[in-house]
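Student: Prediction below, plus the sequence it came from.
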Amino acid sequence: MSGDRFVVRGGVPLRGAVQISGSKNAALPILAAALLTREEVVLDNLPLIEDIRRMLALLGSLGVKIDLDESAHRVRIRSADLRSFTIDGEHATAMRASFLTMGPLLARVGQGIAPAPGGCAIGRRPVNVDIKGFTAMGATCREEDGVYKFTADRLVGQRLYLDYPSHTGTENLLMAACLAKGRTIIKHASTEPEVVALAECLVRMGAKIRGAGSSLIEIEGVGELYGVHLRCLSDRIEAGTFAIAGLMTGGDVTLHDVNVAHLEPVTHKLADVGGVIEEGDNWVRVRANGHLRACELQTLPYPGFPTDLQACFAALLTQAEGTSFVHERVFDDRLGYVSELRKLGADIRTSGGQTAHIDGPSQLHGAETRAGDLRAGAALILAGLVADGETEISDIHHIDRGYEQLDGKLRNLGARIERVRVREPARASHN
């Protein structure tokens, strides 16, 4: 429902505990990996978000059998009899992860067709890394009117050097290499936790992989992969969003079912600005200490500060005393939210297109805003939580792509946030 919006009334510190959902960025490549085997793949702790539903619909369009149990957050997938190898334009433009099907399809059936993928408008995110790797492994790629057509006999392992550590590129090539002939070495690979989760899934399916989590991954191709039943990694970006929200509102929030080590880049900066952090085996508590300090932040590939939390942290820094600097080092157009925060009264400006200067603290006030992308939308919600009056956020379909029941979880912590649904116009009667 693209016309739905959130209405947020600020002024309430968030307090309590929140259960963190499964990771969108871990689940999507694992769902694509189900194409590598004829046997059943079962994934628990599945986040029930729009991107997951789109990926399942995409797989269904290829002939994959899907059994989704929403009450159990579990999906069963069987890709025994594929009837198509073409990703349609609707699925491709709606979701960048659609292109993750190309590696598995090339490896298993030797062909695949996909338009250039879409997703959030946060800058250039080409698929050059994927295509360069596929062609090095023996695939032929033809591009016609923005549609890529891949064909290959059995892929052959190669030494691949990635121009930059793309996590989707690493995942696509990792999956393709599992069924390739011989050894593949991926240098300058992404070290993101979600890449490691995919590699662990593939190993349990019978793949031979070493080095995942480092910048050099070795894959020895095998003849066949098998079914697997596993649990999805928890979402470190959702966890970071709630941690920031708790501190920003002067609250006290405990995050359950998290990987504490994966959150360290975030909790380190939260402590840097004045948050009090407590940690257990699979939980993190973040509470305010009465004062927020300005800081300098730069986003980098893991283990650097995640680009997906840059906008939310910038919202937090509007409440910190002094001048903060936020440098975006991963994407070239991820400061589009700045104009929306200004509507709320934030004292924020940009320089060079990649750096935000934030002077605080600012008393924010309610306004009508628009979520330009998934993470920008989350940042606007957080800003609304500390603003005077009422903040409206439109285009919240972006937020639904990546957060499961975000408004409900926030309400459980005391937030005053409501989803206002827009009904479709009634069709005229022609009796």
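Tutor: Looks like it came in fine.
Student: so what secondary structure elements neighbour the least confident helix or strand in the chain by mean pLDDT?
Tutor: Within the chain, confidence by mean pLDDT, DSSP states H and E is lowest for helix 89-94 among all helices and strands, at a mean of 82. Packing partners of helix 89-94 (3 or more C-beta pairs under 8 Å, 6 or more residues apart in numbering; DSSP states H and E): helix 50-61, strand 111-115. Glycine gets a C-beta too; all of them are placed from N, C-alpha and C.
Student: Nearest to Ala367, out of these?
Tutor: The closest of the helices and strands packed on helix 89-94 to Ala367 is helix 50-61. By C-beta to C-beta, the value is 25.8 Å.
Student: For that closest one, give me every contacting residue.
Tutor: The contact list for helix 50-61, computed with C-beta atoms under 8 Å, 6 or more residues apart in numbering, reads 24, 27-28, 31-32, 34-35, 46, 66, 68, 75, 77, 79, 84, 87-88, 91, 94-95, 97-98, 101, 397, 400-402.
Student: ok, now stretch 348-358?
Tutor: Residues contacting stretch 348-358 (C-beta under 8 Å, 6+ apart): 294, 314, 317-318, 320, 323-329, 332-333, 335, 338, 341-342, 346-347, 359.
Student: Put the alpha carbons of it into PDB.
Tutor: The C-alpha coordinates for stretch 348-358 follow below in PDB (Å, rounded to 0.1, in the frame of the first residue of the first chain):
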ATOM      1  CA  ILE A 348      22.300  20.000   8.900                       C
ATOM      2  CA  ARG A 349      24.100  20.700   5.600                       C
ATOM      3  CA  THR A 350      26.200  18.800   3.100                       C
ATOM      4  CA  SER A 351      29.600  19.400   1.500                       C
ATOM      5  CA  GLY A 352      31.100  17.500  -1.500                       C
ATOM      6  CA  GLY A 353      28.000  15.400  -1.800                       C
ATOM      7  CA  GLN A 354      29.500  12.800   0.700                       C
ATOM      8  CA  THR A 355      29.700  14.700   4.000                       C
ATOM      9  CA  ALA A 356      27.000  15.900   6.400                       C
ATOM     10  CA  HIS A 357      27.700  18.700   8.900                       C
ATOM     11  CA  ILE A 358      25.300  18.600  11.900                       C
END
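Student: Ala17 sits in which helix or strand?
Tutor: strand 15-19 (DSSP states H and E).
Student: so how many other residues sit close to Tyr164?
Tutor: Here the number of neighbours of Tyr164 (other C-beta atoms under 10 Å) works out to 11.
Student: Apologies, that question was intended for Asn259.
Tutor: When neighbours are counted by other C-beta under 10 Å, Asn259 comes out with 18.
Student: in a helix, that's where it is, yeah?
Tutor: No: under the criterion used here (DSSP: H, G, I helix; E, B strand; the rest coil), Asn259 is coil, not part of a helix.
Student: Pull the contacting residues for it.
Tutor: With contact taken as C-beta under 8 Å, 6+ apart, Asn259 is in contact with Pro193, Leu233, Ser234, Arg236, Asn282.
Student: Tell me how far it lies from Gly22.
Tutor: 12 Å (C-beta to C-beta, to the nearest Å).
Student: what sits in contact with each of the two?
Tutor: Leu233, Ser234.
Student: Met292 is in contact with Leu316, isn't it?
Tutor: Just so we're on the same page, residue 292 is Leu rather than Met. Yes: judged on C-beta atoms under 8 Å, Leu292 makes contact with Leu316 at a distance of 7.4 Å.
Student: the more surrounded of those two?
Tutor: Leu316 (30 against 24).
Student: What separation do you get for the nearest residue to the more buried one once chain neighbours are set aside and Trp283?
Tutor: Closest residue to Leu316 apart from its sequence neighbours, by C-beta to C-beta, 6 or more residues apart in numbering: Met248 at 4.6 Å. According to C-beta to C-beta, Met248 and Trp283 sit 20 Å apart.
Student: returning to that earlier point: got a ChimeraX select line for the buried ones in the contacts of Asn259?
Tutor: The buried residues among those can be selected in ChimeraX (16 or more other C-beta atoms under 10 Å) with this line:
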select :193,233,234,236
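Student: between the contacts of Asn259, which is nearest Leu374?
Tutor: Of all the contacts of Asn259, Leu374 sits closest to Arg236, with 14.8 Å by C-beta to C-beta.
Student: circling back: count of residues packed around the residue nearest to Leu316?
Tutor: 28.
Student: give the contact list for it.
Tutor: Contacts of Met248 by C-beta under 8 Å, 6+ apart are Ala315, Leu316, Gln319, Leu382, Leu385, Val386.
Student: Narrow those to those in helices?
Tutor: Secondary structure defined by DSSP state H assigns Ala315, Leu316, Leu382, Leu385, Val386 of the contacts of Met248 to helices.
Student: any idea how far the second one is from Gly110?
Tutor: Between Leu316 and Gly110 the distance is 49 Å, computed by C-beta to C-beta.
Student: Tally up the residues packed near the closest residue in space to Ala294 that isn't next to it in sequence, please.
Tutor: Sequence neighbours aside, Gly322 is the residue nearest to Ala294 in space, at 3.2 Å (criterion: C-beta to C-beta, 6+ apart). Neighbour count of Gly322, defined by other C-beta under 10 Å: 14.
Student: Could you do Asp145 as well?
Tutor: Asp145, neighbours per other C-beta under 10 Å, totals 5.
Student: from what I can see Val75 touches Asn45, true?
Tutor: No: at 10.4 Å, Val75 does not count as touching Asn45 under the criterion of C-beta under 8 Å.
Student: Among the two, which residue is more densely surrounded?
Tutor: It is Val75, of Val75 and Asn45, that has more neighbours when counted by other C-beta under 10 Å, with 25 against 20.
Student: ok, now how distant is that one from Arg142?
Tutor: From Val75 over to Arg142 the distance is 33 Å, taken as C-beta to C-beta.
Student: circling back to that earlier point, save the contacts of Met248 as a markdown table, and put in distance to Asp272 and pLDDT too.
Tutor: Formatted as a markdown table, the contacts of Met248 follow (distance: C-beta to C-beta, whole Å; pLDDT from 0 to 100):
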| residue | distance to Asp272 | pLDDT |
| --- | --- | --- |
| Ala315 | 16 | 98 |
| Leu316 | 11 | 98 |
| Gln319 | 14 | 98 |
| Leu382 | 18 | 98 |
| Leu385 | 21 | 98 |
| Val386 | 19 | 98 |
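Student: Among those, find me the one that's closest to His268.
Tutor: Closest approach between the contacts of Met248 and His268, by C-beta to C-beta: Leu316, at 14.0 Å.
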